[in-house]
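K.L.:
Here is a sequence together with a model predicted from it:
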Amino acid sequence: MKRDENEGVELLFLLGLGFQALLGEFTRRVAEAGYPDLRPVHGMAFQALQATGATATELAERLGVTKQAAGQIVDDLEKRGYVRREPHPEGGRRKLVVLTPAARQHLAVAGRILHELEAELGRGTDLTALRAGLGEVVRTFHGEGPLPPLRPVW
């Protein structure tokens, strides 16, 4: 689409198309890199678990899904070898869901692919201006402070 063709297109539609195009290309490349079994929601779960892990309930909160949905995601990723459940450090019946080395390897591959995509996009787009503009959109509707979590609503 040429710049002047975007003139009458609603901003929300363009943002959605841009997200869809970038996510689709990212997903395609991740599959080609050896991860055809993972979907974007799995990557979101990996991001939510990356630092210290979380309980399934905490994962549900971070992803904005039900506890049942988070439990299904964890069960699925555990079967695939990407997460494991460990006793919670505070004791009790709760389990801490943590990433396995396979998930950490996926995050490294996915990060490399994201950087490649940004570099390609940067050849024809002012990424500094794009980041600033998108940051302004977020601040306008979310306010100042840390970025809100990205919820898998697609």
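P.N.:
Perfect, I can see it now. Numbering: from 1, shown residues only.
K.L.:
Assign a three-state SS to Leu96, would you?
P.N.:
What DSSP: H, G, I helix; E, B strand; the rest coil gives for Leu96 is strand.
K.L.:
So it versus Ala54, what's the distance?
P.N.:
Using Cβ to Cβ, to the nearest Å, Leu96 is found at 7 Å from Ala54. For glycine as for every other residue, the C-beta is placed from the backbone atoms N, C-alpha and C.
K.L.:
neighbour-wise, which of those two wins?
P.N.:
Per other Cβ atoms under 10 Å, whichever of Leu96 and Ala54 has more neighbours is Ala54, with 21 against 18.
K.L.:
Looking at strand pairing, list the partners for that one.
P.N.:
Val97 (DSSP bridges).
K.L.:
what sits against it?
P.N.:
Ala54 makes contact with 48, 62, 96-97, according to Cβ atoms under 8 Å, 6 or more residues apart in numbering.
K.L.:
farthest pair in those residues?
P.N.:
Maximum pairwise distance among these (Cβ to Cβ): 13.8 Å, between Arg62 and Leu96.
K.L.:
quick one: the strands in this structure?
P.N.:
Secondary structure of the chain (DSSP state E): strands located at 83-87, 95-99.
K.L.:
And those strands: which comes nearest Ala70?
P.N.:
Closest approach to Ala70 among the strands of the chain is made by strand 95-99 (8.9 Å; Cβ to Cβ).
K.L.:
average pLDDT across the closest one?
P.N.:
On average, the pLDDT along strand 95-99 is 96.
K.L.:
Remind me what it packs against, helices and strands.
P.N.:
Applying 3 or more Cβ pairs under 8 Å, 6 or more residues apart in numbering; DSSP states H and E, we find strand 95-99 packed against helix 40-49, helix 56-63, strand 83-87.
K.L.:
gap between it and the chain center?
P.N.:
From the chain centre to the centre of strand 95-99 is a distance of 18 Å (Cα atoms, centre = their mean, to the nearest Å).
K.L.:
What residues of it count as buried?
P.N.:
Across strand 95-99, burial judged by 16 or more other Cβ atoms under 10 Å covers 96-97, 99.
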